[in-house]
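S.K.: Model the following, please.
(4 chains, ligands or ions: 2)
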Amino acid sequence: MTINEKQDEIIEEFSAFDDWMDKYSLLIEMGNELDSFDEVHRKEQNLIEGCQSKVWLHAELNDGKMEFQGDSDAIIVKGIVALLLRVLSGHTPDEILDADLYFIDKIGLKEHLSPTRSNGLVAMIKQIKAYALAFKVKQN
Amino acid sequence: MTINEKQDEIIEEFSAFDDWMDKYSLLIEMGNELDSFDEVHRKEQNLIEGCQSKVWLHAELNDGKMEFQGDSDAIIVKGIVALLLRVLSGHTPDEILDADLYFIDKIGLKEHLSPTRSNGLVAMIKQIKAYALAFKVKQN
Amino acid sequence: MGLNIQEIRNDFPILAEKVYGKPLVYFDNAATTQKPLSVIEAEADVYRRVNSNIHRGVHHLSNVCTEAFEEVRRKVAGFINAGSNEEIIFTKGTTESINLLATSFGEHFFSEGDEVILTEMEHHSNIVPWQLLQKRKGIHIKIAPVTDDGELDMDAFEKLFSGKTKIVSVTHISNVMGTINPVEKIIEKAHSFDVPVIIDGAQAIHHLPVDVKQLDCDFYVFSGHKMYAPTGVGILYGKREWLEKMEPYQGGGEMIDRVSFSGTTFNELPYKFEAGTPNFAGVIALGAALEYLKSKNLNDIWDYEHDLFEYAMEKMKAVPGIRLIGQASDHTSVISFLLGKAHPFDVGTLLDKLGFALRTGHHCAQPLMDRFGIPGTVRASFAFYNTRDEIDRLSEALNRVGTMLG
Amino acid sequence: MGLNIQEIRNDFPILAEKVYGKPLVYFDNAATTQKPLSVIEAEADVYRRVNSNIHRGVHHLSNVCTEAFEEVRRKVAGFINAGSNEEIIFTKGTTESINLLATSFGEHFFSEGDEVILTEMEHHSNIVPWQLLQKRKGIHIKIAPVTDDGELDMDAFEKLFSGKTKIVSVTHISNVMGTINPVEKIIEKAHSFDVPVIIDGAQAIHHLPVDVKQLDCDFYVFSGHKMYAPTGVGILYGKREWLEKMEPYQGGGEMIDRVSFSGTTFNELPYKFEAGTPNFAGVIALGAALEYLKSKNLNDIWDYEHDLFEYAMEKMKAVPGIRLIGQASDHTSVISFLLGKAHPFDVGTLLDKLGFALRTGHHCAQPLMDRFGIPGTVRASFAFYNTRDEIDRLSEALNRVGTMLG
Ligand SMILES: Cc1ncc(COP(=O)(O)O)c(C=O)c1O
Ligand SMILES: Cc1ncc(COP(=O)(O)O)c(C=O)c1O
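M.R.: Ligands and ions are numbered 1, 2, ... in the order given. Model prediction:
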């Protein structure tokens, strides 16, 4: 699946719910189901500090495709991490750099994109793109 | 005349005018007619600094009665000085200390009494009463 | 007498707002309070009818504005029973008031090695200014610890005094736990060592009657926006004898007597500490807030809020998995808690979607978070326009959220 | 295109007020400007609908307020063409902005004996902060003189530079005389000596388009209340490279990254310089003022005000006994004058009674008064809601007042 196909899939899944609490239940479920984070990667340089919660993000390049691991101490943020990794893991640096992450807005999580720093979503996306750029540069 | 009789006289004189400009014309006239200030008294300790204009006040005690001399660099303020001296010169320290200067309000000059420091009227009255107190203490 | 809460709620237009289609429940009063219409209108009215720069003006509007501004100074002095109007300095907030003190008192009275005593429950605004002074002057900061209940450890506090102690700066009420500190005792103790005391009243001034003369504190600081007045206004009360000895903090218009390049002389109190055009419209509206508070009677407000708090505590204790942070015997209407193992951010995010405005995080009191070994709390803080019904809804919501995050 | 002045006047409710039964003629715009209804309403609307403390909030209202506040930062950056939003710091006014610089830049970059260059036409707010620094650090203040016409003496200015010059701080426009200083030349000259420049834009920002990138100034400061916005809001623009090197000015909430008693780290720009709850309602209303100014077009405003000024000059020159202070070739709509031998206070008092709001006195520029050997002036300062008719009335009034004070 392409990045956009995955985004559309997520939008579809969320569209079943009108109610905020249901949406967040789904997000929490996704957070709970996120692959466990390899403790060796829980280090300073993988840490993104939002104002209130912490996010760890680790990236590797395997066969030209990026694989991410992520974690957060807040379960809703972890759910967002899960969504981001589902959309972006397994893609090339170029695909990631070009990605327009419209699903966040569409599923009603736009507020998490605001730069008011109450969570690290903006920083997460920045970090993922920075990883992609770094690997791209390394490849060339 | 008592202090209050003089105040009533002044209120009477001003009552002829409804218009602000006429009142101020009278005040300016009174300022212009104020007895000239003895230059030997134009010294730092007789200076009351309002925010914008300067006032000089000198006091003497003759036969138990206070005599004032005053001046200002602003003619309207000088008019007010003239009014004050007319009311208070020639009275005993006790009379001055007890005086309730209601005429200022009655002739519409109350705004000059405001402590917003744009002129020195409040400070002038304070200073006159301070002179009176000083002479009273000296007498006893 | 008691308060008519429905009438009071009608005075605050924002309380009729909806959030995500749900009625707003505003429980973030410790961060900032809402404003009654009379305050909103008072500020707008300045701009609609009399706006003009204050002091030194010869024209009518300037005099009207100046009078109105100075009238509020008198009202504030009366509200806290200050000795004179000149002891009331207008700043832009509690934070600035404390910075002014840390600088103007600090630069004058502190030498290298001298000490300030703070507590573990201070707001960052009563910590960082002293750390900046520490950096500039090499002073020491001593910290009075907090007990497990969230009270000040008075024995430990008393032991912190030394011949080098120059000032004590303590919050009247903890913004995280609602603990009311025994400020009379603190002040008495400090004075027995000849040490002056700053009380940070940001969380106290609108909850309980404050009498600075009775307290005998040397300085008392607070913010307008936490007492139903506009943003951008703060107050610094200081005893004249201290204020007169202190150097000016900022330089500019109004705080001078005469300026020349060969030497400038400063204006008298309170102007010496009020450089530049003040937020006079905000100050005038603060006057309306004081009138509003007086019309409701602070004792009645205290009774009502206290009752609300007791009710909330009971309800909260019944929520499965709740952990209360701070259970001091003397407190105002602030409750900090954690829900099971859930991150405060998660709890706050879900409550938000249910229409509740609560604050989560460290509440600008990280040292206190460190003391309790937690990253933050969820904080519900009540004002006299809140109701038992809103608290019922919160407890239901917490049950639901607890299950979701379970 | 041009402006529809009657329509504009209707936007400012206060202009319909009467003073002593006479229509208010507001000519005290250099002290503070009046506010359009959209600004008054914007501030009231914050309190009526969204008021909540900004930053770090997890709930809806807090996010709405934070967004609105940060949006104004972007608008201000756009308005003056700053390189980035992080270069815009909100303060409480021009005076605070300059004090911040004199302290945070001053403490960091000045050593004993180093020099700051000011001019003889500075407002006290751009003098006293440097005198306070002088007191603390033993720096020197050098003064560029003013010519008889009220212009900066550029030759003399250039000669003031030395190897010890650390900064130049100059007003864009004189608040007394309306002189527009050649700031581009000043900046270019200072930069040729590697010296940064502060421009005090308090009297410029609402009269003419300001482009900090084109000017290449290092700092630019101004006040909201002089640009049709509420009181209690100031702006400090600074080039990032300088702001990053400077120490924080005040300590408190929001300006920190992490606080502990063993060590505190500071937040990034612009928050590093914004301690405490800002005047967010005032800032949000400043956004409305910027929108208002943009909708009227600053170039049109400039043309109109300039025309008004030329007209006023002609009328004023015809008043018997008038003495104009400052006749620079480049100027905004400010006229300072004396009438015969009359004290400015007398002139102002009588004009007040005729409904005119003008300022008299030293206008917080005593060194300039000393330069001209006068105790003060009467100052008429116009905004784009003033009219030729009002100027006609002023000239009549001056004739009358001149006769009275004969
Ligand atoms: C105890 C305490 N002190 C100081 C402050 C800072 O107040 P402001 O942000 O209004 O300057 C607060 C507000 O959060 C507080 O609760
Ligand atoms: C040139 C100039 N600088 C600084 C100031 C001070 O501005 P504020 O009082 O808003 O801090 C003024 C205002 O009078 C001014 O005209």
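S.K.: how about the longest helix belonging to chain A, does it reach chain C?
M.R.: In chain A, with assignment by DSSP state H, the single longest helix is helix A:121-139. No. Using CB under 8 Å from any CB of the partner chain, helix A:121-139 stays clear of chain C, with a minimum separation of 12.1 Å. Bear in mind the C-beta positions are built from the backbone N, C-alpha and C, glycine included.
S.K.: quick one: contacts of that helix?
M.R.: Helix A:121-139 is contacted by residues A:48, A:50, A:55, A:57, A:59, A:61, A:64, A:66, A:68, A:70, A:77, A:80-81, A:84, A:88, A:93-94, A:96-97, A:101, A:104, A:109, A:112-115 when judged by CB atoms under 8 Å, 6 or more residues apart in numbering or on different chains.
S.K.: Tell me the buried residues in it?
M.R.: A:L121, A:V122, A:A123, A:M124, A:I125, A:Q127, A:I128, A:K129, A:Y131, A:A132, A:F135, A:K136 (16 or more other CB atoms under 10 Å in any protein chain shown).
S.K.: again, but for stretch C:42-49
M.R.: C:A42, C:E43, C:A44, C:D45, C:V46, C:Y47, C:R48.
S.K.: Quick one: check that stretch for contact with chain D.
M.R.: Yes. Stretch C:42-49 comes into contact with chain D (CB under 8 Å from any CB), by way of C:E43, C:A44, C:Y47, C:R48, C:R49.
S.K.: mind putting the residues you listed in JSON lines, pLDDT included?
M.R.: Putting these into JSON lines (pLDDT from 0 to 100) gives the following:
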{"residue": "C:E43", "pLDDT": "98"}
{"residue": "C:A44", "pLDDT": "98"}
{"residue": "C:Y47", "pLDDT": "98"}
{"residue": "C:R48", "pLDDT": "98"}
{"residue": "C:R49", "pLDDT": "98"}
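S.K.: and which of those residues is nearest to chain A?
M.R.: Set against chain A, the nearest of the residues of stretch C:42-49 next to chain D by CB to the nearest CB is C:E43 (25.7 Å).
S.K.: who's in contact with that closest one?
M.R.: C:P230, C:A281, C:G282, C:I284, C:A285, C:A288, D:E43, D:A44.
S.K.: Chain B: which of those is nearest?
M.R.: C:I284 (14.5 Å).
S.K.: Are there helices or strands packed against the helix or strand harbouring that closest one, and which ones?
M.R.: If you go by DSSP states H and E, C:I284 is part of helix C:280-296. Counting contacts by 3 or more CB pairs under 8 Å, 6 or more residues apart in numbering or on different chains; DSSP states H and E, helix C:280-296 packs against helix C:37-45, helix C:60-79.
S.K.: how does it look with 10 Å?
M.R.: helix C:5-11, helix C:37-45, helix C:60-79, strand C:88-91, strand C:234-238, helix D:37-45, helix D:280-296 (3 or more CB pairs under 10 Å, 6 or more residues apart in numbering or on different chains; DSSP states H and E).
S.K.: downstream neighbour of that helix in the secondary structure list?
M.R.: helix C:298-317.
S.K.: What are the buried residues along that following helix?
M.R.: C:L298, C:I301, C:W302, C:Y304, C:E305, C:H306, C:L308, C:F309, C:A312, C:M313, C:K315, C:M316.
S.K.: Stretch C:281-290 now?
M.R.: C:A281, C:G282, C:V283, C:I284, C:A285, C:L286, C:G287, C:A288, C:A289, C:L290.
S.K.: before we move on, back to that, most tightly surrounded among the helices and strands packed on helix C:280-296?
M.R.: strand C:234-238 (a mean of 28; mean count of other CB atoms under 10 Å in any protein chain shown).
S.K.: Within its sheet, name the partner strands of that one and how each one runs.
M.R.: Strand C:234-238 pairs in its sheet with strand C:88-91 (antiparallel), strand C:219-223 (antiparallel), by DSSP bridges.
S.K.: tell me the angle of that strand relative to helix C:60-79?
M.R.: On the basis of axes from the mean of the first three to the mean of the last three CA atoms, to 10 degrees, strand C:234-238 is oriented at 60 degrees to helix C:60-79.
S.K.: picking up where we left off before, for the strands paired with strand C:234-238, could you give me a markdown table that also reports mean pLDDT?
M.R.: Converted to a markdown table, the strands paired with strand C:234-238 look like this (pLDDT from 0 to 100):
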| stretch | mean pLDDT |
| --- | --- |
| strand C:88-91 | 98 |
| strand C:219-223 | 98 |
